[in-house]
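Trainee: structure of the sequence below:
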Amino acid sequence: MTPSPIARPAPVADWVDIDTLYRDPYPTYERLRREGGVHWVPCVNRYLITSYEAVIITEHDQQTFSANERDSLQIRAMGHSMLRRDDPEHYHERRQWQGVFKPGAVKNTWTQIFHDKGREQLARFIDMGPGADIIRDFSAPFAAECLKSMLGLYNASAEALQRWSQTLIDATGNYAEDPAVWAAGKRSFDEVDIALDEMLEWHLHHRDHSLISLLLSSPEAQMPIEKIRANLKMSIGGGLNEPRDALGVAAWAMLTHPDQRLAVERDPGLWSTVFDETIRWVAPIGLYSRQTTTKTVLAGVELPEGARLGICILSANRDESIWARADEFDIHREVKPHLAFSKGTHVCLGARAARAEVAEVALPLLFNHLKGLDVHPDREPTIGGWVFRGMLTLPVTWRDVAPLEGGPVSVFANGSAAATMEAEATPHVAIVGSGPAGCFTAKEIQRRMPGARIDLVDRLPVPYGLLRYGVAGDHQGTKAVSRQFDRLFESPNVRFVGNTTLGRDVSFSDLRTGYDAVVLASGACADRRLNIPGEDLTGVFGAGCITRRLNGHPDETDTPTLGRRVAIVGQGNVAIDVLRLLSIRPLDLEGSDIDDAVHGALTREIDTLHIIGRSSARTARFDPVMIRELGRFPNIRHRLHGVDLDSVVDGKDARLDALRRLPGVGDIGVEGAIEVESTPRITVEWWFEAVPERINGQAQVEGLALRFEGDTVSLAADSVITAIGFVPDPEDAVSKALAELPAASETGRIEAGLYLAGWLRRGARGTIPDQRSDARALASVIGADIATGEVTCSRSGLAPHAEATDIDGWRRIDHVECARPAAGRVRTKLDTLEALLESARNASLVIPRDVQAAGGDGDSLGNLSVSILFGTESGNAELVAEELEQALNGRCEVTVADLGDIEPGSLDPERFYLMVCSTYGDGEVPGGAMDFYQALRDDAPNLAGIRFACLGLGDSSYAKTYSRGGELLAEALMACGATRVGEFGRHDASGALSASEVALDWAEGVLALVTEAASVPA
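Mentor: As a prediction, the model looks like this:
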């Protein structure tokens, strides 16, 4: 066990100077990160926090690291805005401010205005001729005009707004206490107040969509005028400089990275990726302040109460421990959560608007219409800043100008011709593998190119791969995404070609010559080896073998004998799945599709389970939700080795919190055991920071030797299950073909017409939603190859061989399995190839099509009544709830309510509840839902009959508390007898998919389960 680090005084970085930071802060930041990431820096009179990990901690613990800094430069420069308040005060102000920035408002109102302002400003820029400066002559005035419209500050000129913004943010970053900077900021401060007073009167009689009108129209108590003034100045500062600087740096990056510019020209869908990589590479807001409310330790450094902190986003976004080649601009790098828009409760309210301004409008305008755009050969661009950083000058030239149309900006290379070519393309695409990666790729290709013909080829007679045979059988909610894929095969242009093995029934070369494009999405199913002595003994099994047998996979027809004592090596989610399924009773599998006979044969003798991982408990790769799930099963005692639960206080680490609440740990009793100390049915021994050295035995497994806390520990074991990941099978035809080809690029492209998807592309990692995100990116790569002519639409595909199965065969199999479920099971799987093929070919089974479509996208939900309840701090959950309401309106009776406005006792068994909840602070229920949550905990109302589903909004950068707020709410509801339908949904704010997209997919899967349950006779 690694001992807790001893806190040390903050190192003093008296070598840092402000002028160097302004010119180029990155060498300074690199050294500060290398030396620990927390330093006292005399020249700025505060501690600078420079490492990604340390910044993340300050982001999601506002109780310790307060935004409400005493003697704040920002408060002095702009007034006391919401950015310098903590919740609940911050949330109340943000809620009144957020209406103008809602996704629907940005999409339906502001983006068109951005298009209009962009064309007007580009026309002026073109009139200036080559030599004009993108920053001075386009980016800054464009951002000012957009902001002017959104705020409703129509009496201010673009020039005045630019001056106000710059002088106010200069004052906010005036750590050198320059009196001239304060004087300029004070003039702007007063001028903004005068302009606001005029426009408040104007908006009383001329209401529109702008912020000032919205504030005056608010049904809530109107925000006091001094708060309006402070927040308006804050909006002028950030709302102008962020899009201005993001646009300037993005243009500079494109002009100096011609290969990446070419990639975007081929695939204009990458402009959003350019935007995110730009603000990671050079964060427009480079530093903001926080202040400690108590004595604390951050990254091993003691900080006193009242310590003033500089949170260095410019530095954290280039932390080498998070990003390889962090100092390089690379739009093809793996997406990881950058911090440019902040995190948690203070996440940037204007992020959507900034993305629309820059990625949807300004960048496509510049690069589509200025042909040959390039940096001016005789005038060097300049960049500066550290509190705020961006291009200062960017003079350019161009060769020619494409006409400016009157409609929205074309975001496609070479004008609308490439867009039309892709949209009208009719490629014939073969996708090898029909699991989530293959099906999501098919959906995205179909979305981009509606005329595409797609064949999903699978060696099994049934589709859905990992969903059917990998996801644990007691997690039926996760499997619900297959309803989306059922709809995919309703299209006459999409075929399932099952029972077709590459290399046996069709050759790789035949696929390449028969189809315009081939996507390999066959996954990775071989268990990664431990590579230790004894691994080949009888009684060593891969986790894949166990999960496939439990899932009725036709390749696994023999049930292993595990014995009394089982050692599971690995502590990722697959290992936890195996642990759970081997430890729980058959009656705990109610609602699953697991075969009782198989489960019983595997688990009959087990009384001890060891689960072993190399990592510490704080960094183990399991999901805390899955650990908490283990705690619900009776007669199981858990014991921990190699973890000090007292090293972190309760509530500060979700993994440790989940472990400390397992039955048998600490003072937690073992439910169902007659005598806690002697009669649990199964004991689970958790080993952290333990390294397997050898498996003991002659012919059969007899034990496992671990290196633990400096010694060798020998565990008695009758079997060992390895769960340390999956790799492609080197003997299959796909692996052999790939061995002869060049390596795929980051995008999954091997060459024009041949691509990788899913685990073949990125390795065996990533969740099912991750596959959708990757599929969208891959579909754009394929579309770009078609639009540029590198892939032609000329091939007719291949006819399925005589023994192939089709989607109707799968429907027959599905019908047979669901028509004869065992007691307490949703289906009884056909688990041999012969049985599957027999049902697939049984033409006497006629399955009505409308059965397949029940509950899918866009269908009526009948008499279902749905209430969407949200709990939020930053407002994001409320926005998602509104998007869900719009999507469901007309399909069912639907209402939306704030959890802060209802009581648990008012929940109605006749309604179904979709709950959307953000995570607040350090893994807590958000303030808006706290009273509701406390009523559940304190009053324990009887909620039997209440059905709900829960979506947690979080950020995977907060690995310890990701979506914990929603999880706590769901757990409290279930403790009161409510029934959760489906899996706990999640949105990762650091990922490529919007919260609304994820929420809609999640809701469709949940509502499909609800409508199906309603249609089953009692």
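Trainee: excluding chain neighbours, give the residue nearest to residue 69 in space.
Mentor: residue 291 (4.2 Å; C-beta to C-beta, 6 or more residues apart in numbering). C-beta coordinates here come from the backbone N, C-alpha and C atoms, glycine included.
Trainee: my guess is that neighbour meets residue 311, correct?
Mentor: No - applying C-beta atoms under 8 Å, one finds residue 291 not in contact with residue 311, separated by 10.8 Å.
Trainee: so which residues of the stretch 201-350 of the chain form helices?
Mentor: Counting by DSSP state H, counting those that start in this stretch, the stretch 201-350 of the chain has helices at residues 211-217, 225-256, 258-266, 271-281, 313-316.
Trainee: and these as a markdown table, adding mean pLDDT?
Mentor: Listed next are the helices of the stretch 201-350 of the chain as a markdown table, based on pLDDT from 0 to 100:
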| stretch | mean pLDDT |
| --- | --- |
| helix 211-217 | 87 |
| helix 225-256 | 94 |
| helix 258-266 | 89 |
| helix 271-281 | 94 |
| helix 313-316 | 97 |
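Trainee: any chance of those in TSV, with distance to residue 595 and mean neighbour count too?
Mentor: Listed next are the helices of the stretch 201-350 of the chain as TSV, based on distance: least, C-beta to C-beta, whole Å; neighbours: other C-beta atoms under 10 Å:
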stretch	distance to residue 595	mean neighbour count
helix 211-217	58	20
helix 225-256	55	24
helix 258-266	49	16
helix 271-281	45	23
helix 313-316	49	27
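Trainee: can you tell which of the ones you listed is closest to residue 333?
Mentor: Closest to residue 333 of the helices of the stretch 201-350 of the chain, according to C-beta to C-beta: helix 271-281, at 7.1 Å.
Trainee: that closest one packs against which elements?
Mentor: helix 225-256, helix 258-266, helix 363-369 (3 or more C-beta pairs under 8 Å, 6 or more residues apart in numbering; DSSP states H and E).
Trainee: just send those back as JSON lines, with distance to residue 541 too.
Mentor: Below are these laid out as JSON lines (distance: least, C-beta to C-beta, whole Å):
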{"stretch": "helix 225-256", "distance to residue 541": "50"}
{"stretch": "helix 258-266", "distance to residue 541": "44"}
{"stretch": "helix 363-369", "distance to residue 541": "53"}
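Trainee: wait, which of the ones you listed is closest to residue 196?
Mentor: helix 225-256 (6.0 Å).
Trainee: what residues of stretch 484-498 count as buried?
Mentor: Buried positions in stretch 484-498, judged by neighbour count with 16 or more other C-beta atoms under 10 Å: 484-489, 494-498.
Trainee: ok, now how distant is the closest residue to residue 941 other than its chain neighbours from residue 870?
Mentor: Of all residues not flanking residue 941 in the chain, residue 904 sits nearest, at 4.9 Å (C-beta to C-beta, 6+ apart). Separation of residue 904 from residue 870 (C-beta to C-beta, to the nearest Å): 15 Å.
Trainee: looking at those two, which has the bigger crowd around it?
Mentor: Each of residue 904 and residue 870 has its neighbours counted (other C-beta atoms under 10 Å); residue 870 has more, 28 against 22.
Trainee: so that one sits against residue 926, correct?
Mentor: No - Residue 870 is not in contact with residue 926 according to C-beta under 8 Å; the separation is 9.2 Å.
Trainee: is the residue nearest to residue 69 bridged to anything, and to what?
Mentor: residue 66, residue 308 (DSSP bridges).
Trainee: how about the buried residues of stretch 484-498, which pair is most distant?
Mentor: 484 and 497 (19.8 Å).
Trainee: more crowded one of residue 291 and residue 311?
Mentor: residue 311 (24 against 21).
Trainee: pLDDT score assigned to that one?
Mentor: As predicted, residue 311 sits at a pLDDT of 96.
Trainee: test my guess that it contacts residue 288.
Mentor: Yes - counting by C-beta under 8 Å, residue 311 touches residue 288, with 5.4 Å between them.
Trainee: secondary structure element holding the residue of the chain positioned farthest from its centre?
Mentor: With distances taken as C-alpha atoms, centre = their mean, the residue sitting farthest from the centre of the chain turns out to be residue 698, at 47.1 Å. Here residue 698, judged by DSSP states H and E, is contained in no helix and no strand.
Trainee: what distance do you get for it to residue 36?
Mentor: 51 Å.
Trainee: please apply the same query to residue 49.
Mentor: In terms of C-beta to C-beta, residue 49 sits 10 Å off from residue 36.
Trainee: what do you get for residue 124?
Mentor: From residue 124 to residue 36 the distance is 49 Å (C-beta to C-beta).
Trainee: more neighbours: those two, which one.
Mentor: Neighbours were counted for residue 124 and for residue 36 using other C-beta under 10 Å; residue 36 has more, 17 against 14.
Trainee: now residue 469: how far from residue 200?
Mentor: 63 Å.
Trainee: next: residue 159.
Mentor: From residue 159 to residue 200 the distance is 22 Å (C-beta to C-beta).
Trainee: and the next element down the chain from the least confident helix or strand in the chain by mean pLDDT?
Mentor: Ranked by mean pLDDT, DSSP states H and E, the weakest helix or strand in the chain is helix 849-853, scoring a mean of 46. Downstream of helix 849-853, the first helix or strand assigned by DSSP H and E is strand 865-871.
Trainee: which residues sit against that next one?
Mentor: Residues outside strand 865-871 that contact it (C-beta atoms under 8 Å, 6 or more residues apart in numbering) are 877-878, 880-881, 884-885, 888, 892-900, 902, 908, 910-918, 925-926, 928-929, 932-933, 965-966, 969, 1007.
Trainee: okay, and which of those residues map to strands?
Mentor: Judged by DSSP state E, strands contain the following of the contacts of strand 865-871: 893-898, 912-918.
Trainee: please identify which of those residues is nearest to residue 398.
Mentor: residue 918 (44.8 Å).
Trainee: list the contacts for that closest one?
Mentor: Residue 918 sits in contact with 871-874, 876-877, 926, 952-954, 965-966, where contact means C-beta under 8 Å, 6+ apart.
Trainee: please report the distance of it from residue 87.
Mentor: Residue 918 is 11 Å from residue 87, by C-beta to C-beta.
Trainee: again, but for residue 965
Mentor: For residue 965, the distance to residue 87 - C-beta to C-beta - is 12 Å.
Trainee: of those two, who's got more company?
Mentor: The neighbour count for residue 965 versus residue 87, taken as other C-beta under 10 Å, is higher for residue 965 (28 against 21).
Trainee: you'd agree the more buried one is up against residue 916?
Mentor: No - judged on C-beta under 8 Å, residue 965 makes no contact with residue 916 at a distance of 10.6 Å.
Trainee: quick one, phi/psi of residue 319?
Mentor: In terms of degrees, to the nearest 10, the main-chain angles of residue 319 are phi -70, psi 120.
Trainee: nearest spatial neighbour of it, skipping sequence neighbours?
Mentor: Using C-beta to C-beta, 6+ apart, the nearest residue to residue 319 is residue 52, at 3.7 Å.
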